[in-house]
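A.B. asks: Below: sequence and its predicted model.
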Number of protein chains: 2
Amino acid sequence: MAEKSEEKVISKAVIRRLPRYYRYLGELMESGVERISSNELSIRMKVTASQIRQDLNNFGGFGQQGYGYNVKYLYQEIARILGIDRQHTLIIIGAGNLGQAIANYANFERRGFIIKAMFDVDPRLIGKDFRGIPVLSMECLDSFIKENDIQMAALTIPKSQAMLVADNLVASGIKAIWNFAHTDLNLPPEVVVENVHLSESLMRLSYKLCYQMDHPGRPKPGKQGGMTNWD
Amino acid sequence: MAEKSEEKVISKAVIRRLPRYYRYLGELMESGVERISSNELSIRMKVTASQIRQDLNNFGGFGQQGYGYNVKYLYQEIARILGIDRQHTLIIIGAGNLGQAIANYANFERRGFIIKAMFDVDPRLIGKDFRGIPVLSMECLDSFIKENDIQMAALTIPKSQAMLVADNLVASGIKAIWNFAHTDLNLPPEVVVENVHLSESLMRLSYKLCYQMDHPGRPKPGKQGGMTNWD
DNA sequence: TAGATTGTTAATCGATTAACAATC
DNA sequence: TAGATTGTTAATCGATTAACAATC
């Protein structure tokens, strides 16, 4: 029953690393570096050269034997793989501090994420705007999504309302949710979700700190042998 | 040369899951559930029962054969493991929207993270306060950390200044950094860092969306066979 | 006791690293 | 060409899952 043109399934671990490659390549570009070998990049990024080559070869042969990788070309290719070579339309649900922080971070727009509007239930916020992005009433949500062909929504609201609002978003046609609410969203499989659970992140920091205090000088857990990154 | 009382090194993957167990147990407690089996929890959390038992047994036998786990006891034990049974002192560097969002999120305090102050270079922010947390000048940073025995710092400043400020924090005695700057911090091994790279998170969402659009109905990458979570 | 469910060992699966032939 | 470095296969390592004896 195996499909004919079976495409390789890319592992989650690889996807997690891709944006970091992209960031380093962007910095290399900015400093005028034209080519880089997997070995040199591996030193800068503190990963193995093997891993870099394996990761990239999931998507194609972007390098050249004896030369390495062309920084600009690889940068563009990773952008294409990540889908940030095209534009994405985005709305923010919840115009509190976190929603405002996202709205105010202009760099997202430079990467093709166009924030079209914010939504809130607070009448004191509705009608305001941030960098020209208007805060609208939640009552306009459904029609706005449909009329403006919105793909993505950042969910920066309390967890008590998150699941309900997420269902509404999906019903209106949203296909991707960037979830900052402190809860898991159970949604249909065709809807993709990326969670940013800040409280969990802070707990992990707490664990690391306590572990470090209890085991000074020890290799940190997660990898053997030494001062490896945790993430 | 192996040490005598070799403690098992806990893998990164286990640590990543612990806060999620904690969250689910907290919710179970709130709904008045007293005991739960690994199997029932596995269904709710969409992980395997085996994984839950393996994860927990890294830290000790918290369950009872034929009974399962006492929800409240397990909740407390995980809090202890994560180090959130004690108090942590925290400052926020950068009083912009993101810093304010953290300062305004009262739940961190309920988990023992006491935010003592915020710091910024912007004179319009210095002197303000959020929920009673004052915004101080960066010039006070060193003395404040030393005089108030601050352990942790959230870094919500532009990446251009992040590395310099991080070095200063470490010099002043900070042992843990919650890094929101869009850059990696290279710090001494005794300093622990937890990164929250929002732009990378958004790129992963973009990848998932594009992948989903290209392969409708397919299992998502990362796991074989079906509608598993990405994270 | 019988049933349930853990703790733990063994088996499987996947991801990382090492090695090297291919090739620029 | 000789040297460098990739792409890719094989070996290793680690994490997850399955199985089941222990035991409440």
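C.D. replies: Thanks, I have it. Residues are numbered from 1 along each chain as shown, chains lettered A, B, ... in the order given.
A.B. asks: what residues does the longest strand anywhere in chain A touch?
C.D. replies: Of all the segments assigned as strand in chain A under DSSP state E, the longest by residue count is strand A:113-120. Defining contact as CB atoms under 8 Å, 6 or more residues apart in numbering or on different chains, one finds that strand A:113-120 is touched by A:84, A:87-96, A:99, A:102-103, A:108-109, A:126, A:130, A:133-138, A:140-141, A:144, A:148, A:150, A:152, B:202, B:206. In this view, the C-beta of every residue, glycine as well, is placed from N, C-alpha and C.
A.B. asks: Alpha carbons only: can I get that strand in PDB?
C.D. replies: Extracted in PDB, the C-alpha atoms of strand A:113-120 (Å, rounded to 0.1, in the frame of the first residue of the first chain):
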ATOM      1  CA  PHE A 113       3.900  38.000   8.100                       C
ATOM      2  CA  ILE A 114       1.400  40.800   7.500                       C
ATOM      3  CA  ILE A 115      -0.600  41.700  10.600                       C
ATOM      4  CA  LYS A 116      -4.000  42.800   9.400                       C
ATOM      5  CA  ALA A 117      -5.900  43.500  12.600                       C
ATOM      6  CA  MET A 118      -6.200  42.800  16.300                       C
ATOM      7  CA  PHE A 119      -9.300  41.700  18.100                       C
ATOM      8  CA  ASP A 120     -10.400  42.200  21.700                       C
END
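A.B. asks: Chain A: strands as residue ranges?
C.D. replies: For chain A, applying DSSP E gives strands covering A:35-36, A:63-64, A:68-70, A:88-93, A:113-120, A:129-130, A:133-137, A:152-155, A:176-179, A:192-195.
A.B. asks: Out of those strands, which one sits most buried?
C.D. replies: Most buried of the strands of chain A by mean neighbour count (mean count of other CB atoms under 10 Å in any protein chain shown) is strand A:152-155; its value is a mean of 27.
A.B. asks: Can you point out the buried residues in stretch A:157-175?
C.D. replies: Residues of stretch A:157-175 classed as buried by neighbour count (16 or more other CB atoms under 10 Å in any protein chain shown): A:Ile157, A:Lys159, A:Gln161, A:Ala162, A:Met163, A:Val165, A:Ala166, A:Asn168, A:Leu169, A:Val170, A:Ile174, A:Lys175.
A.B. asks: which strands and helices sit next to the lowest-mean-pLDDT helix or strand in chain A?
C.D. replies: Between all helices and strands in chain A, the lowest mean by mean pLDDT, DSSP states H and E belongs to helix A:107-110, at a mean of 92. If you count contacts as 3 or more CB pairs under 8 Å, 6 or more residues apart in numbering or on different chains; DSSP states H and E, helix A:107-110 packs onto helix B:198-214.
A.B. asks: Kindly calculate the angle that the helix it packs on makes with strand A:113-120.
C.D. replies: Helix B:198-214 runs at 100 degrees relative to strand A:113-120, counting by axes from the mean of the first three to the mean of the last three CA atoms, to 10 degrees.
A.B. asks: so for helix B:198-214, what's the average pLDDT?
C.D. replies: Averaging pLDDT along helix B:198-214 gives 95.
A.B. asks: That helix vs DNA strand C: in contact?
C.D. replies: No. Helix B:198-214 stays clear of DNA strand C (CB under 7 Å from any atom of the strand), getting no nearer than 14.6 Å.
A.B. asks: can I get the buried residues of stretch A:157-175 in TSV with pLDDT and distance to B:Tyr21?
C.D. replies: As requested, these are exported to TSV (pLDDT from 0 to 100; distance: CB to CB, whole Å):
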residue	pLDDT	distance to B:Tyr21
A:Ile157	97	24
A:Lys159	95	17
A:Gln161	97	24
A:Ala162	98	20
A:Met163	97	20
A:Val165	98	25
A:Ala166	98	22
A:Asn168	98	29
A:Leu169	98	28
A:Val170	98	27
A:Ile174	98	29
A:Lys175	97	30
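A.B. asks: TSV please, covering these and showing distance to B:Val191.
C.D. replies: Conversion of the buried residues of stretch A:157-175 to TSV gives the following (distance: CB to CB, whole Å):
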residue	distance to B:Val191
A:Ile157	34
A:Lys159	31
A:Gln161	38
A:Ala162	34
A:Met163	38
A:Val165	38
A:Ala166	37
A:Asn168	43
A:Leu169	40
A:Val170	42
A:Ile174	40
A:Lys175	40
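A.B. asks: Give me the distance between the two termini of stretch A:114-125.
C.D. replies: 21 Å (CA to CA, to the nearest Å).
A.B. asks: And stretch A:67-87, by the same measure?
C.D. replies: Length of stretch A:67-87, first residue to last, CA to CA: 33 Å.
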